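Peer 1: turn this into a model:
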Amino acid sequence: MAILVYPARMHTSFPPSLHDIERLALAAIENLPELFRDHLSSVLLRIEDFPDADVIAEMELDSEWDLLGLYQGRHVGMKGDVPTGAMPDMIFLYRRPLLEEWCEGLDSLEALVTHVLVHEVGHHFGLSDEAMDAIEASAR
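Peer 2: Presented below is the predicted three-dimensional model:
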């Protein structure tokens with residue numbers, strides 16, 4: 001068994017976990033206006049390390065690091081007749097790309113998670129980027 005010795009200046013705490021990212025995302029949802037929170041009650045929130053191979057291929061990503069979050073489902077304006085066997089609406093946040101972005105940026109992890117979550121919520125509502133920016137401002 002090898003013993004690892006860390007230099008005194010090396011940070012030895014663990015990176016934020018899937019659960020930590022989920023807690024930040026749930027806190028961001030709680031800060032959204034009630035109208036939006038009510039419509040999100042049936043949307044599943046999933047935190048994963050990376051997008052799966054199907055998402056990478058479907059979105060033609062260069063790598064698994066290229067996507068911070070994803071909304072999968074039918075936006076609110078399309079909610080009429082739901083096809084038989086339709087998957088529930090889901091918002092995915094991808095922990096490792098989020099952490100990479102956080103390490104390279106100036107924003108807090110909380111601000112980054114909120115930004116990505118609000119963007120995906122915007123897709124759920126079929127909103128423009130400008131509308132998403134307004135929602136994000138209200139979630140802070």
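Peer 1: what about the longest helix seen in the chain, average pLDDT?
Peer 2: If each helix of the chain is counted by residues according to DSSP state H, the longest one is helix 109-125. The average pLDDT for helix 109-125 rounds to 90.
Peer 1: show me what counts as buried in it.
Peer 2: 109, 111-125 (16 or more other C-beta atoms under 10 Å). No exception for glycine: its C-beta is placed from N, CA and C like everyone else's.
Peer 1: which of the residues you listed lies closest to Arg46?
Peer 2: The closest of the buried residues of helix 109-125 to Arg46 turns out to be Glu120 (C-beta to C-beta; 10.8 Å).
Peer 1: strands along the protein, start to end?
Peer 2: Secondary structure of the chain by DSSP state E: the strands cover 44-48, 69-72, 90-94.
Peer 1: got the contact list for the last one?
Peer 2: Around strand 90-94, the neighbours that count as contacts under C-beta atoms under 8 Å, 6 or more residues apart in numbering are 21-22, 25, 43-51, 64, 67-73, 113, 116-117, 120-121, 124.
Peer 1: next one: the second one
Peer 2: Residues external to strand 69-72 that are found in contact with it (C-beta under 8 Å, 6+ apart): 51, 55, 87, 89-94, 98, 116-117, 119-121, 123-124.
Peer 1: go with 6 Å
Peer 2: 90-93, 116, 120, 123-124 (C-beta atoms under 6 Å, 6 or more residues apart in numbering).
Peer 1: in JSON lines: those, plus distance to Asp133.
Peer 2: Output for these, formatted as JSON lines (distance: C-beta to C-beta, whole Å):
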{"residue": "Met90", "distance to Asp133": "23"}
{"residue": "Ile91", "distance to Asp133": "18"}
{"residue": "Phe92", "distance to Asp133": "21"}
{"residue": "Leu93", "distance to Asp133": "19"}
{"residue": "Val116", "distance to Asp133": "13"}
{"residue": "Glu120", "distance to Asp133": "14"}
{"residue": "His123", "distance to Asp133": "14"}
{"residue": "His124", "distance to Asp133": "16"}
